[in-house]
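>>> build me a structure from this.
(chains A and B)
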Amino acid sequence: MKKIRTRFAPSPTGYMHIGNLRTALYAYLFAKSQGGDFILRIEDTDRARYVADAVEFIERTLAAAKIIPDEGPHHGGNFAPYVQSERMDIYKKYAEQLVESGHAYRCFCSGEEMTSEENKFGGYNRHCRDLDPAEIEKNLAEGKPYVIRQKMPLAGETTFFDVLHGNITIANSELEDQVLLKSDGMPTYNFANVVDDHLMEISHIIRGTEFITSTPKHVLLYEFFGWELPTFIHLAPVMGKAADGTVSKLSKRHGATSFNDLIEMGYLPEAITNYVALLGWSPKNSCQEIFSMDELIKNFSLDGLSKSPAVFDYAKLDWMSGEYFKAMSDEDFADVAEKYFTDFDEPRKIFLASLLKTRVAKLSDIPAMIAFLKDLPPFDIELFTNKRNKVTPQKSAEILAPAIKILEQVDDWTLDTLNEKIAAFVEDSGLKVGAVMWPLRIALSMQKVTPGGVTEILYLLGKEISLARLNSALEKL
RNA sequence: GGCGCCUUCGUCAAGUGGUUAAGACACCGCCCUCUCACGGCGGGUUCAAGGGUUCGAAUCCCUUAGGCGUCACCA
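The predicted structure follows:
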C-alpha cells in the first residue's frame, strides 16, 4: 500500500487562525495514526501578501501545539524546497508542458479587460483561447506580459470523490479558464498546489470546504498530466456566534480567533489543541473528551469527522482548560502562572497555586482573583451585612475585637496553627462558623467572594498585614 | 443570481429502519461547605418544515426553507 502522506500548506500571514490550526491538526493526526508523514509546505506565491518571519511564526506555532512536521522548510525531507517561491522553475516547466499539449494557453489581456462584462458573465475568461499563433509570436517578441490559463473542457462534467461528502459533480461549463501562471512568473494556488501535491507524493488532501468548488479544476489538471488522483477530504469551517445570535465563520468580531490570542489569554496549548480536535471530530465508540496528543493519534479516524460546521464555544474551552489546570500539580501550576505570582515567596506561590488551579479557566483570570491580596479594596460597610449568617456591622465589630487579640498572640503563622486558633475561637464564641468567618473575611479582603477562606487569606497576607487590615476595619466599624 | 455543500438539545455531538434519541459544555435545583470554586446527586430542553416509501423513520426518496461556500494574475 502507498504511504500515507498529508500536508499543511498555509500562506505565510503571521497569524494562525483556529480553523487553520484544526486543519493542520487533522492532517497531522491522520498521517500519524496511519504511520504516515506530515509535511509543512509554505504557499507564498502572493508577493503582495508576504509577511516577514511568517514561516518561523508558523513553525513555532505548530511546535507549541505539538504538531511536528516530518518534512518542511526547516525539517528537511526528500522533496525540498518546501517553500513555493523557491520552486518557480518547476511550475514554469509544467505550465509550458500544458501549453504544449494544448491544455493551456498564453493570454495577453490586461487586468481591465479581464473584468469586462463579457468575461465575467459569458466568457469565463476564455477570450484569448484561439489567438493567432503569429500574434502570439509577435507579442512574445515584444516582451508583452502574459499569463498562462488552463483550457477547460466546454462540455461534460467533472466528478471527484470526497471522503466526507461522497461524489461531487460540477459541470465543466461552470469552470473558468483559470490562471495557472501569473505574469510575474509565480504560479497561482490552484496550480502550484496540484503540482506540489503530486511531486511531494501527497496521498490525502485535507483542507477547508472553501476549496470544494475549485477541486474539479485541480482534478482536470491531474488528468491533463496523467497523474494519479489523491484522496480529498474537505473540512467544514469553524464558526463563531455573535452577540446577536448570528453564526458566521469565526472572525475577530467573535473575540480571539488565533492560537496565539488564546495562548496570550493563558490557555494551555494542550487544552487548546484538545478542544480544537473535538470541534468537528469525535472518537468512535467512546465518550472520552480529554485527550493527550498520543491519545488523539491513537483514536483518530476519518469517519469521526463531521461534515457540518462547528461553532467555537468559549465556555467549553474554559471548562476543558480548567480540567487541565486541575490535573496539574501545585508546583506545575505555580510554574505556568509564575508571572502572576511575583509578589509571593516560594511556599506561598505553591499554596496560591493550590487555591487557584480549581478556580481558573485561563491564566489571565488570576490578577482579578488575587488583586485584593496586594491592595485592599475601599472600605464598604455594606459588606458587613449578611442575612444568612445574621451578620451586621455591629456584630462584626464584636467578633473582630476578640479575634484580633487572639491572632496577635500567634507567633507560628502557619496554616495549621491558624486553623487551630480560628476553630477554637469559633468554638468559644458559641456562634456558627459562618457568622464568625464572614466579618473576618470581609475585613481581610473587602469583598464577598475570595479564593479560599479566612485561614488561607491570613496565611497569604502574613501576620502584619492581616492584623493591620483587621484593626483598620474594626476602627471604621 | 448560477453552481456546490450543510441542517439531531443554546453549543460540541453519538446515532446508518425498531433506542426511554447516548455523553459533554452551559443552564437550573439539591448535597457538601466560613464565601467562591472543587466534588457528589438530580432536572429541563433536540431530530428545520412539508410530503412520500415502510408494519415501523432522526436514519431512505422528493420538495421547501435557512445557513455556509464559490464565481481573482488571494490562498
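>>> and A:R348, how far from A:A368?
For A:R348, the distance to A:A368 under the criterion C-beta to C-beta, to the nearest Å works out to 19 Å. For the C-beta atoms, the positions are set from N, CA and C on the backbone; glycine is no exception.
>>> which parts of stretch A:90-99 are buried?
Of all the residues in stretch A:90-99, those buried under the rule 16 or more other C-beta atoms under 10 Å are A:90-91, A:94-95, A:98-99.
>>> helix, strand, or coil at A:T169?
In the three-state summary, A:T169 is assigned as strand, counting by DSSP: H, G, I helix; E, B strand; the rest coil.
>>> and the nearest residue to it once chain neighbours are set aside, its phi and psi?
Closest residue to A:T169 apart from its sequence neighbours, by C-beta to C-beta, 6 or more residues apart in numbering: A:T159 at 4.4 Å. Backbone torsions of A:T159, given as degrees, to the nearest 10, read phi -120, psi 140.
>>> quick one: contacts for the closest residue in space to A:E210 that isn't next to it in sequence?
Spatially, and ignoring its direct neighbours in sequence, A:E210 is nearest to A:P237 (7.5 Å; C-beta to C-beta, 6+ apart). Contacts for A:P237 were tallied using C-beta atoms under 8 Å, 6 or more residues apart in numbering; they are A:19, A:208-210, A:249-250, A:309.
>>> and A:P237, its phi and psi?
Listed backbone geometry of A:P237 is phi -70, psi 160, with angles given as degrees, to the nearest 10.
>>> do the same with the one 3 residues further on
Backbone dihedrals for A:G240, given as degrees, to the nearest 10, come out at phi -130, psi 150.
>>> read off the pLDDT value for the most far-flung residue of chain A relative to its centre.
Computed with C-alpha atoms, centre = their mean, the residue of chain A farthest from its C-alpha average is A:D428, at 55.3 Å. At A:D428, the model reports a pLDDT of 91.
>>> name the helices or strands packed onto the strand or helix carrying it?
Counting by DSSP states H and E, the element that carries A:D428 is helix A:415-429. Applying 3 or more C-beta pairs under 8 Å, 6 or more residues apart in numbering; DSSP states H and E, we find helix A:415-429 packed against helix A:393-408, helix A:433-445, helix A:454-461.
>>> and A:R348 and A:A368? Which one has more around it.
The residue with more neighbours, out of A:R348 and A:A368 and counting by other C-beta atoms under 10 Å, is A:R348; that gives 17 against 8.
>>> ok, for that one, nearest residue in space, not its chain neighbours?
Excluding its sequence neighbours, the residue lying closest to A:R348 (C-beta to C-beta, 6+ apart) is A:L460, at 5.9 Å.
>>> in contact with that neighbour, which residues?
With contacts taken as C-beta under 8 Å, 6+ apart, A:L460 has the following neighbours: A:344, A:348, A:351-352, A:373, A:452.
>>> out of these, which is nearest to RNA strand B?
The shortest distance between RNA strand B and any of the contacts of A:L460, using C-beta to the nearest atom of the strand, involves A:G452 and amounts to 4.7 Å.
>>> residues contacting the nearest residue to that closest one once chain neighbours are set aside?
Excluding the flanking residues, the one nearest A:G452 by C-beta to C-beta, 6+ apart is A:L355, at 4.5 Å. The neighbourhood of A:L355, defined by C-beta under 8 Å, 6+ apart, consists of A:451-452, A:456.
>>> host element of A:L355?
Under the criterion of DSSP H and E, A:L355 resides in helix A:346-356.
>>> no further questions, thank you.
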